[in-house]
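Colleague: structure of the sequence below:
(chains A and B)
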There are 2 protein chains.
Amino acid sequence: MAVAFTRLARNDSGIELAVSVLKQRFGDRCETGRAMREQHGHTTTWLTNEPPDAVVFATSTEDVSAVVEVCRTHKVPVIPFGVGTSLEGHVNAPSGGICIDFSRMDRVLEVREEDLTCTIEPGITRKRLNEELRDRGLFFPIDPGANATLGGMCATRASGTNAVRYGTMRDNVISLEAVMPDGSVITTASRAKKSSAGYDITRLLIGSEGTLGIITKITLKLAGIPEAISAAVCPFPSVDAACQATIATIQSGVPVARIELLDAMQMKAVNAYSGLTLAETPTLFLEFHGSEASVAADSEMVAGIAEDLGGGPFSFSTRAEERTKLWQARHDAYFAALGLRPGCIVFSTDVCVPISRLAECVAETRADLESLDLIGPMVGHVGDGNFHVLILMDPEDMDERGRAATFLSRLSERAIAMEGTCTGEHGIGQGKMPYLRKEVGGTVDVMRAIKTAIDPDNLFNPGKIFA
Amino acid sequence: MAVAFTRLARNDSGIELAVSVLKQRFGDRCETGRAMREQHGHTTTWLTNEPPDAVVFATSTEDVSAVVEVCRTHKVPVIPFGVGTSLEGHVNAPSGGICIDFSRMDRVLEVREEDLTCTIEPGITRKRLNEELRDRGLFFPIDPGANATLGGMCATRASGTNAVRYGTMRDNVISLEAVMPDGSVITTASRAKKSSAGYDITRLLIGSEGTLGIITKITLKLAGIPEAISAAVCPFPSVDAACQATIATIQSGVPVARIELLDAMQMKAVNAYSGLTLAETPTLFLEFHGSEASVAADSEMVAGIAEDLGGGPFSFSTRAEERTKLWQARHDAYFAALGLRPGCIVFSTDVCVPISRLAECVAETRADLESLDLIGPMVGHVGDGNFHVLILMDPEDMDERGRAATFLSRLSERAIAMEGTCTGEHGIGQGKMPYLRKEVGGTVDVMRAIKTAIDPDNLFNPGKIFA
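Modeller: Below you'll find the model as predicted:
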């Protein structure tokens, strides 16, 4: 399957026309000011800002269809934008084009308590959705850390701390409404919890990073807020011991809700930032969801596993205040990392490997950071074999930028060599494009064939995923 | 997106050539006897047998590639065959062609206990896989009832009784190797538990019914065999009460492993077949997985829910012998149904609706069976809103066949009207083709565009999914 792709050239005349038509249609909901455009090409990464030519604030599926129609007519790129928390340049506009901002499409359209599902617009953020669900005793469990929009979380196949128990976005979306490159509006599936009816177009759109369809409505699975939550913290003598404890926990079948690893450098950062005196060794942060009895039993079982592997003391609590205190180090991880080197920028990268290779991958990554003289604390969603390195970098130091680029490249290749992926949850975007073929080989050609079939003019978020 | 498909005409000369080349290459592993061919077009349905022209017994990916190459050259259809338990005509050969039989590609290639994963060939059956895993304390939880092959289960996105806790095939496959229509062999993903690296080609192949790629290797997620299993049975005054109890159980967060409904007619059949004296009212069969303490707590909680809704007595046990006895009625359901009308054939159909609509859908379906004078006991994977009707039919009675066809059509349309799907787990195959567009509208055109891009000559299992 040989499908050639060339980088989409900038279509200046088409863009000019499209912007003028959109300004007429949307008035002050179509903005072209420089600051606004730059903010919408903003990426919390090391990648260069490539702003779109205009930003349209959509309020309905019809608005999105109208923008797509104009862009189709004039052969102009369209880039969907949630809230800008993506990490690999997903919202950049390398060939220019029109950004659709979803912040005004943020309603909860329906909550069906009996079915444990809801239908929402894509611009609602994770935290606001959970606020709206709380009084009904329900929540949406996927928590990528950032307060991302659900549309963005679908587009990047996000996951985060709860994935070990509740799965990722892949597992928690029932159906999507999307505007396709040919202008059609499709609903990918019924509201049934499972289906064998044809190709899984829902899962095809999840993780497609806006390159196949623009999501305008989402039906999600929800979970009941557990009767009891218990939090626990346990330091270990080594990353290897912490990983072995994680493996044993998962093998035991204990339905742990979160199991996070902070490495020694990250623990040091947290102590300095928050004035704590925690052990500066690799530490697991755990959470259990269930009844009072089950979370107590689960915590006890994991405490035993940890002790057998040289970990401890194992501190845990079911009381809200103490839980917050126990997990403070985990919650503060990002700002504590920033504090390690004031004045620097931080960017986060992620890889994911089979859990049996995790300790080895973390150790080699630590050694590589040292050999490159880089500062990079690590935080892992260790139950899934997924970890992040927070790189602290002086943005003016070109040599350091070069070493960081070397590090990023070696990290992705290391993960792939260990039968893992160059990205567990951030997506390919622009930043990970060089590694996709190394990871999945000829499967990239199948992806390209699909992209070409559905978006033959390459107008939906061009310059992403495919190098 | 308008993609036209015409039914593939039979290519007699190409088939003749292909068969002769394959006979030369494969010797007695290429069979053309009538009985063998008919058995490989066999479907446990009401659909007409449409046998392939030859059956090749593959023993390796290279064999599969070789067959695909010959079929590509001569423009001849290829149909993969596991063990023939599919229910909607998936293995029929309406335009003739070559069947690839996977029964000799049935090895467990690797089990990785630390990762809770294994890699297998597609021809292994579910029961044999679990036998091979047992000594390691692991199992593969998806149980569609029939002793299907894992390749077939991938191809139809199968699920079954354990799906309410462990998910479906969609959720339990990490990566696939497949031979594609252009002859390339791809591996869809790394071995990482989760990934955001490009389009989800794994999920695209799962449920594609052999129309996009032929699966030659599968990496599965496994689960630890639970320390304790408890089984329970509880009769209810009505289907509605049983469904309400199911909804309340799921809302409570109890991680029930199985929750099955047998309707009154099915219970009557079981009593007659097995000489039991169970209440002939809608009855829930439950199973809980966990520790001794957790399954006791879970059972007690659900017993309370059932009682509040008028159900009972709630019988349960953790002892293997008693568990088998409690669940006997569920295990015997199929043969008990057969016993209702000796000499008849039985075929099973399935739909799935949002659980809030399940009681209504079951009631309307029962009324429709009565109005059409058909005998059809019902069994439901009620935690997912999925149920089966076992239609008992005299194969010689043309009038009854007509009424059964009317019933099937109304059942699918009823499920779709209730925002459900015409098939929760059997697949579209040939039998459900008329309903796919009614269910997902223009999404069918996206599916067709993908099919055309990947298999432009429509040689991979043609005449399935798309009407």
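Colleague: for A:K75, which non-adjacent residue is spatially closest?
Modeller: What sits nearest to A:K75 in space, not counting adjacent residues and going by CB to CB, 6 or more residues apart in numbering or on different chains, is A:G14, at 5.0 Å. In this view, the C-beta of every residue, glycine as well, is placed from N, C-alpha and C.
Colleague: CA-only coordinates of the host helix or strand of the one you found in PDB, if you can.
Modeller: Using DSSP states H and E, A:G14 sits in helix A:12-26. Taking C-alpha atoms only, helix A:12-26 is exported to PDB below (Å, rounded to 0.1, in the frame of the first residue of the first chain):
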ATOM      1  CA  ASP A  12      -2.700  32.000   0.300                       C
ATOM      2  CA  SER A  13      -5.400  33.100  -2.000                       C
ATOM      3  CA  GLY A  14      -7.800  30.400  -0.800                       C
ATOM      4  CA  ILE A  15      -7.100  31.300   2.800                       C
ATOM      5  CA  GLU A  16      -7.800  35.000   2.100                       C
ATOM      6  CA  LEU A  17     -11.100  34.200   0.500                       C
ATOM      7  CA  ALA A  18     -12.100  31.700   3.200                       C
ATOM      8  CA  VAL A  19     -11.300  34.200   6.000                       C
ATOM      9  CA  SER A  20     -13.400  36.900   4.300                       C
ATOM     10  CA  VAL A  21     -16.400  34.600   3.800                       C
ATOM     11  CA  LEU A  22     -16.200  33.400   7.400                       C
ATOM     12  CA  LYS A  23     -15.900  37.000   8.800                       C
ATOM     13  CA  GLN A  24     -19.100  37.800   6.900                       C
ATOM     14  CA  ARG A  25     -20.900  34.700   8.300                       C
ATOM     15  CA  PHE A  26     -19.600  34.800  11.900                       C
END
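Colleague: which elements pack onto it?
Modeller: strand A:30-31, strand A:54-57, helix A:61-74, strand A:98-101 (3 or more CB pairs under 8 Å, 6 or more residues apart in numbering or on different chains; DSSP states H and E).
Colleague: mean neighbour count added to these, as JSON lines?
Modeller: Below are the helices and strands packed on helix A:12-26 laid out as JSON lines (neighbours: other CB atoms under 10 Å in any protein chain shown):
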{"stretch": "strand A:30-31", "mean neighbour count": "18"}
{"stretch": "strand A:54-57", "mean neighbour count": "24"}
{"stretch": "helix A:61-74", "mean neighbour count": "20"}
{"stretch": "strand A:98-101", "mean neighbour count": "25"}
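Colleague: got these as JSON lines, with distance to chain B and mean pLDDT columns?
Modeller: Converted to JSON lines, the helices and strands packed on helix A:12-26 look like this (distance: least, CB to the nearest CB, whole Å; pLDDT from 0 to 100):
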{"stretch": "strand A:30-31", "distance to chain B": "28", "mean pLDDT": "98"}
{"stretch": "strand A:54-57", "distance to chain B": "24", "mean pLDDT": "98"}
{"stretch": "helix A:61-74", "distance to chain B": "13", "mean pLDDT": "98"}
{"stretch": "strand A:98-101", "distance to chain B": "20", "mean pLDDT": "98"}
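Colleague: of all those, which lies closest to A:W46?
Modeller: strand A:98-101 (21.0 Å; CB to CB).
Colleague: so which elements touch that closest one?
Modeller: helix A:12-26, helix A:34-40, strand A:54-57, helix A:61-74, strand A:78-81.
Colleague: go again with 10 Å.
Modeller: In terms of contacts (3 or more CB pairs under 10 Å, 6 or more residues apart in numbering or on different chains; DSSP states H and E), strand A:98-101 is packed against helix A:12-26, strand A:30-31, helix A:34-40, strand A:54-57, helix A:61-74, strand A:78-81.
Colleague: and the contacts of the very next helix or strand once past that strand?
Modeller: On the C-terminal side of strand A:98-101, the closest following helix or strand by DSSP H and E is strand A:108-112. Applying CB atoms under 10 Å, 6 or more residues apart in numbering or on different chains, the contact partners of strand A:108-112 are A:117-121, A:124, A:128-129, A:132-133, A:136, A:138, A:191, A:217-220, A:222, B:354-356, B:419.
Colleague: just the strands in the stretch 351-467 of chain A please.
Modeller: A:378-381, A:386-393 (DSSP state E, counting those that start in this stretch).
Colleague: may I have the distance across stretch A:340-358, first residue to last?
Modeller: With CA to CA, to the nearest Å as the measure, stretch A:340-358 spans 25 Å from end to end.
Colleague: pLDDT on it, on average?
Modeller: For stretch A:340-358, the mean per-residue pLDDT is 93.
Colleague: ok, it near chain B or not?
Modeller: Yes - judged by CB under 10 Å from any CB of the partner chain, stretch A:340-358 comes into contact with chain B at A:350-358.
Colleague: my read: A:K451 touches A:S208, true?
Modeller: Yes - at 8.6 Å, A:K451 and A:S208 qualify as touching, with contact defined as CB atoms under 10 Å.
Colleague: quick check: neighbours shared by the two?
Modeller: The contact lists of A:K451 and A:S208 share A:460, A:465, B:198-199, where a contact means CB under 10 Å, 6+ apart.
Colleague: out of those, who has the most neighbours?
Modeller: Using other CB atoms under 10 Å in any protein chain shown as the neighbour test, the shared contacts of A:K451 and A:S208 are led by B:G198, with 32 neighbours.
Colleague: which residues does the residue nearest to A:K75 contact?
Modeller: Counting by CB under 10 Å, 6+ apart, A:G14 has contacts A:70-71, A:73-77, A:96-97.
Colleague: chain neighbours aside, what residue packs nearest to A:I305?
Modeller: A:A248 is the one closest to A:I305 (CB to CB, 6+ apart), at 4.7 Å.
Colleague: wait, that neighbour sits on A:A306?
Modeller: Yes - counting by CB under 10 Å, A:A248 touches A:A306, with 8.9 Å between them.
Colleague: neighbour count: these two, which is higher?
Modeller: Neighbour comparison, A:A248 and A:A306: the larger count goes to A:A306, with 26 against 18 (by other CB under 10 Å).
Colleague: just checking, the more buried one touches A:F314?
Modeller: Yes - counting by CB under 10 Å, A:F314 is a contact partner of A:A306 at 5.3 Å.
Colleague: shared neighbours, those two?
Modeller: A:232, A:234-235, A:245, A:284, A:286.
Colleague: just the buried ones from these, in ChimeraX syntax?
Modeller: Here is the ChimeraX command that selects the buried residues among these (16 or more other CB atoms under 10 Å in any protein chain shown):
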select /A:232,234,235,245,284,286
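Colleague: go through the shared contacts of A:A306 and A:F314 and flag which are in strands.
Modeller: Cross-referencing the shared contacts of A:A306 and A:F314 against strands under DSSP state E gives A:232, A:234-235, A:284, A:286.
Colleague: for the residue positioned nearest the centre of chain A, give me the pLDDT.
Modeller: Centroid-nearest residue in chain A, with CA atoms, centre = their mean: A:A158, separated by 3.7 Å. For A:A158, the pLDDT comes out at 97.
Colleague: tell me what A:F139 is bridged to.
Modeller: A:A223 (DSSP bridges).
Colleague: stretch A:19-27: how far from the chain's middle?
Modeller: Centroid separation between stretch A:19-27 and its chain, computed with CA atoms, centre = their mean, to the nearest Å, is 33 Å.
Colleague: and the contacts of it?
Modeller: Contacts of stretch A:19-27 (CB under 10 Å, 6+ apart): A:29-32, A:52-59, A:63, A:66-67, A:69-71, A:73-74, A:76, A:96-98.
Colleague: may I see the buried residues of that stretch?
Modeller: Buried, per 16+ other CB under 10 Å, within stretch A:19-27: A:19, A:21-23, A:26.
Colleague: still on that earlier bit, turn the helices and strands packed on helix A:12-26 into a markdown table, columns for distance to B:A405.
Modeller: Below are the helices and strands packed on helix A:12-26 laid out as a markdown table (distance: least, CB to CB, whole Å):
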| stretch | distance to B:A405 |
| --- | --- |
| strand A:30-31 | 54 |
| strand A:54-57 | 50 |
| helix A:61-74 | 38 |
| strand A:98-101 | 47 |
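Colleague: understood, closing this out.
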